[in-house]
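>>> attaching a predicted model along with its sequence, questions to come.
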Amino acid sequence: MAKVSLVYISLSGNTASFIKRLTAYLQEGHADLEVEQVNIKDLVKEGQDFFAMDNQFVAFLPTYLEGGNGVDSGDVEILTNDLAAFIEYEENYKKCFGIVGSGNRNFNNQYCLTAKQYSQRFGFPLLDTFELRGLQNDISRVGDKIAELYRL
Ligand SMILES: Cc1cc2nc3c(=O)[nH]c(=O)nc-3n(C[C@H](O)[C@H](O)[C@H](O)COP(=O)(O)O)c2cc1C
């Protein structure tokens with residue numbers, strides 16, 4: 001049975017909502033598809049150890065930056081660093097197809113910046129971006145890309 005793995009972090013619930021709707025979208029087209037969801041915030045909150053992924057995965061990362069303007073001044077990632085730690089753990093980045101960034105366009109040049117930075121840092125592609133909870137067309141566009149990556 002095919003298995004898709006989605007690794008994400010969500011602080012205020014927008015990314016979690018996207019993952020839930022994306023899972024439903026993927027399973028609509030593939031009834032017996034297993035979708036593994038790894039919620040990094042829960043792992044950390046529950047004091048669970050990080051682990052090596054045994055399946056290839058797609059990562060989802062909202063942007064939380066403090067300071068900077070995304071162009072010529074510094075920017076500091078806050079709150080989401082545990083996702084990077086999980087991606088680094090046991091070289092999990094080698095199993096990552098790529099990252100989907102999210103954010104809020106009010107942040108202009110910093111829109112989805114951290115996902116772009118992870119893509120450069122870990123050497124996997126930025127697969128897509130969406131704003132806040134994402135619209136239905138974001139779900140279907142990202143879902144179709146994932147279906148293609150896993151050859152569903
Ligand atoms: C303190 C703070 C800083 C943020 N910084 C950025 C930013 O630099 N760029 C951006 O695109 N979105 C930024 N956002 C917006 C969040 O990325 C956006 O609300 C996202 O949907 C949150 O996802 P979550 O609900 O899954 O945690 C920021 C939000 C907060 C609260």
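Yep, that arrived. Numbers count the residues shown, from 1 in each chain.

>>> let me see the mean pLDDT of stretch 133-140.
Average pLDDT, stretch 133-140: 98.

>>> can I get that stretch as CSV, trimmed to CA atoms?
In CSV, the C-alpha atoms belonging to stretch 133-140 read as follows (Å, rounded to 0.1, in the frame of the first residue of the first chain):
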residue,chain,number,x,y,z
ARG,A,133,-4.7,28.3,6.0
GLY,A,134,-4.5,27.9,2.2
LEU,A,135,-7.4,27.9,-0.3
GLN,A,136,-8.9,24.9,-2.0
ASN,A,137,-6.8,25.6,-5.1
ASP,A,138,-3.7,25.6,-3.0
ILE,A,139,-4.7,22.2,-1.6
SER,A,140,-5.4,20.7,-5.0
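
>>> which bits of this structure sit near the ligand?
Counting by C-beta under 6 Å from any ligand atom, the positions of the chain adjacent to the ligand are 10-16, 62-65, 102-104, 107, 110-113, 132. For every residue, glycine as well, the C-beta is placed using N, CA and C.

>>> any idea which residue of the protein lies closest to the ligand?
Closest approach between the chain and the ligand, counting by C-beta to the nearest ligand atom: G103, at 2.0 Å.

>>> roughly how far does that residue sit from E77?
Separation of G103 from E77 (C-beta to C-beta, to the nearest Å) stands at 12 Å.

>>> ok, now Y89?
Per C-beta to C-beta, Y89 is found 17 Å from E77.

>>> with R21 instead?
Distance, R21 to E77, by C-beta to C-beta: 26 Å.

>>> list the buried residues for stretch 33-47?
Residues of stretch 33-47 classed as buried by neighbour count (16 or more other C-beta atoms under 10 Å): L33, V35, Q37, V38, N39, I40, K41, L43.

>>> same check on stretch 1-13?
For stretch 1-13, the buried set under the neighbour-count rule, 16+ other C-beta under 10 Å, comprises V4, S5, L6, V7, Y8, I9, S10.
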